[in-house]
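Novice: Have a look at this prediction, sequence included:
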Amino acid sequence: MMPTIGRLKTRPDFLKVAAARAKWVTPGLILQARRRPAPEPTIQRDRPVLESGDPEIRIGFTVSRKVGNAVRRNRARRRLRAVAQEIMPGCGRAGTDYVLIGRRETLERPYTALRDDLCAALKRLERDRGAGRAPRVGRQRRP
RNA sequence: CCAGACGGCCGGAUGGCCGCUUUCGGUCCGGGAUUAGUCCUGGACCGGGGGAGGAAAGUCCGGGCUCCACAGAAACACGGUGCCGGGUAACGCCCGGCGGGGGCGACCCCAGGGAAAGUGCCACAGAAAGCAAACCGCCCGCCGACGCCUCUAGGGGCCCAGGCGGGUAAGGGUGAAAGGGUGCGGUAAGAGCGCACCGCGCGGCCGGUAACGGGCGCGGCACGGCAAACCCCACCGGGAGCAAGACCAAGUAGGAACGGUAGGCCCGCAAGGGCCAGGCGGGUUUCGGCGCCGCCGUUCGGGUGGGUCGCGCGAGGCGUUCGGCGACGAACGUCCCAGAUGAAUGGUCAUCCCUUCGCGUUCGCGCGAAGGACAGAACCCGGCUUAUAGGCCGUCUGGCACU
């Protein structure tokens, strides 16, 4: 079942994702992720929530002033949105909040490379969690 | 053809695939109200339409709109503007003139009211910087060391360093600026002392709506500059801003505590009510008028991730005609043209276009690579300022060549 795509819109949401400390840096973008807890805050503790229970993927975009003026920031956000729209329905994990952070390289990087960056970052974060290790901050060498 | 001046315009094009937002129509699925008919409202899909700029920018002026009860009057304070006439809703904007300056020219530039209302300042240099003075010098008078000449001894004469008194402002020198400039006359030397021209001032005349210009007469020159020093004059300006503001929902709340201060009259058994005084009301005071009510001060607390409206028919765009040198105005016709809110208006690929470079060339061009600016609406208009690759059009000026 294809998960639905939503948007992160408020500052507290972004702060929660950043606090999860699951982050991967690629040349074209930075990806942060956070599993959402079960919608019902009942006593059922850290038991893994089934994907079918909460099928929504939510994505937020952050492009700071460091990237450039308003036109450049708009363009970076739009490229990230296009990449996410193409990749996330297939590769993203349902019930997760993602934040994509634009970099200066987001503007210049070829589209296919940007797509590969997102796939690699998703796989890496998935493997970290799947291996049971604590989510950690990593950096990929530039190809 | 080259160089230049001014004005106007464009701001890559087409297509495929995948999206966003808004609106209209349809289908389907919900929610609410209602006896029902029906109405309100949310979502998905399909189809159609709209979807960034000339500066959207800086937020520097002017307005609309909203709230401050009204935005009233006068004075003061503060701020702004500053040649004249016009345009405009208005402006510090625009147009046309005037004056001054620059350019061979087309044209360009100018913070351009008042310095005989007052105060202040004028560094350095210089004798002297604003009220008349005089450092060097020039000239006149008197005295006159030394020297020279002369004489019969006392003496006389000449020359002159210097001193005293007076005249002068031409020359030197300083400066951004030294009490008009140039020339001729004049004089002991000089000086508007006299004259001519220029400048300046005053008066009236003519032209012009005016700024101002022209010429005439008079005056011998007084009145230096700085107002982007204070200031004076004229005119303009109430304040805050769409996070304005309105409604709905939620909400401990109709905030709390402490201190100070709460007058008089009337109705009423009382609770309470009314009037006057008092206090508060976004520069100050006074007046008019209105609203609110215990008032004032200190401390503490709540809220700041809600929704809808405001929100786009407007000083609106385009076209034609008419008026005007022009800014602009009028009439008629026609069009509806972005409304987001972690913030849409795009992502990607291909082809074409333009520029640069390299290679090839049959000089027509072909192939390859790189690049295509400044920049994103946030309530809306009118301006200004700043940024901007490349390109197009028109008018004009100065050269060169040809006829």
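Specialist: Sure, I can see it.
Novice: any idea how far RNA strand B is from A:Leu80?
Specialist: Distance of A:Leu80 to RNA strand B, given as CB to the nearest atom of the strand, to the nearest Å: 9 Å. The way it works is simple: take the backbone N, C-alpha and C, and place the C-beta from them, glycine included.
Novice: can you pull the contacts of that residue?
Specialist: Shown in contact with A:Leu80 (CB atoms under 8 Å, 6 or more residues apart in numbering): A:Leu29, A:Phe61, A:Val63, A:Leu100, A:Gly102, A:Thr106.
Novice: Could you check how many residues crowd around the second one?
Specialist: When you say that, I think you mean A:Phe61. 20 (other CB atoms under 10 Å).
Novice: what do you get for the third one?
Specialist: Look at A:Val63: counted by other CB under 10 Å, it has 22 neighbours.
Novice: Residues in a beta bridge with the closest residue to it other than its chain neighbours, which ones?
Specialist: Leaving aside its chain neighbours, A:Val63 sits nearest to A:Gly102 (3.7 Å; criterion: CB to CB, 6 or more residues apart in numbering). Beta bridges link A:Gly102 to A:Leu29 when assigned by DSSP bridges.
Novice: what residues are up against A:Gly102?
Specialist: Shown in contact with A:Gly102 (CB under 8 Å, 6+ apart): A:Leu29, A:Phe61, A:Thr62, A:Val63, A:Ser64, A:Val67, A:Arg73, A:Ala76, A:Arg77, A:Leu80.
Novice: now the first one: how far from RNA strand B?
Specialist: Which is A:Leu29. Going from A:Leu29 to RNA strand B by CB to the nearest atom of the strand gives 13 Å.
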